[in-house]
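# only geometry, no sequence info:
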């Protein structure tokens, strides 16, 4: 982890570059990253916006803005930032994954599914996109697709503990209690702590 002095030295270096070249988008972007890592979000936003204004293809700056706005709870701005990112770089899977997550948080299931499916099409190994897609299907009450998506996720990442937990819940809703128990136990083996109420609901279905 960087120490405060490391941040100060790095920021001073970027400001020195900007003193000689005020429109240097890369230095402005680097400043934004440094401020973001320190949790100085207003300063980071200002630096990223300057980088975008002065740079040609600053889709990473938009992605970082999306992250900051998510931390601030401004989901509409998360969506807008990631839309800008994928407009610049249409094959940027992470931008679509971020869009899908934000839409899911907003309860916009159809938009979330479209964005997450696009992310997976571009990069089938984005584990979090698969996980969020399964969760959106659960939100919609489409248990069969939630199960199928959760199974696909675990084919890609068999030791993803949260994926096991979520698939366990999908199986529980489906009424397949044996598989629900199998996956919730695997989630625990991998270090995940399931919700106590969920474990309590499964307890009667465990074989004596």
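Looks like it came in fine. The model shown is predicted, which means the values in this text are computed figures rather than measured ones.
# for the protein, what spans make up the helices?
4-20, 25-37, 41-54, 59-71, 75-88, 93-105, 109-122, 127-140, 143-156, 161-174, 177-189, 196-202 (DSSP state H).
# any chance of those helices in a markdown table with mean neighbour count and mean pLDDT as columns?
To be clear about C-beta, it is placed using only N, CA and C from the backbone, and glycine gets the same treatment. Below are the helices of the chain laid out as a markdown table (neighbours: other C-beta atoms under 10 Å; pLDDT from 0 to 100):
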| stretch | mean neighbour count | mean pLDDT |
| --- | --- | --- |
| helix 4-20 | 12 | 73 |
| helix 25-37 | 21 | 89 |
| helix 41-54 | 19 | 93 |
| helix 59-71 | 21 | 94 |
| helix 75-88 | 20 | 96 |
| helix 93-105 | 24 | 95 |
| helix 109-122 | 20 | 97 |
| helix 127-140 | 22 | 95 |
| helix 143-156 | 18 | 97 |
| helix 161-174 | 23 | 96 |
| helix 177-189 | 18 | 97 |
| helix 196-202 | 13 | 95 |
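# what does stretch 189-198 contact?
159-162, 164-165, 168-169, 172, 184, 187-188 (C-beta atoms under 8 Å, 6 or more residues apart in numbering).
# before we move on, what about stretch 146-154?
By C-beta under 8 Å, 6+ apart, stretch 146-154 touches 127, 130-131, 133-135, 137-138, 160, 163-164, 166-167, 170-171, 173-174.
# got a list of what residue 66 touches?
Contacts of residue 66 (C-beta under 8 Å, 6+ apart): 77-78, 81-82, 85, 98, 102.
# next, format the residues you listed as a markdown table and append distance to residue 21.
Formatted as a markdown table, those follow (distance: C-beta to C-beta, whole Å):
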| residue | distance to residue 21 |
| --- | --- |
| 77 | 29 |
| 78 | 31 |
| 81 | 26 |
| 82 | 29 |
| 85 | 25 |
| 98 | 31 |
| 102 | 35 |
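# what residue lies at the spatial centre of this protein?
Against the mean C-alpha coordinate of the chain, by C-alpha atoms, centre = their mean, the closest residue is residue 98 at 5.2 Å.
# excluding its backbone neighbours, what's nearest it?
Among residues not flanking residue 98 along the chain, residue 82 sits closest, at 4.5 Å (C-beta to C-beta, 6 or more residues apart in numbering).
# number of nearby residues for residue 193?
10 (other C-beta atoms under 10 Å).
# confidence score at it?
Residue 193 carries a pLDDT value of 96.
# backbone dihedrals for residue 57, please?
Recorded main-chain torsions at residue 57 are phi -140, psi 60, according to degrees, to the nearest 10.
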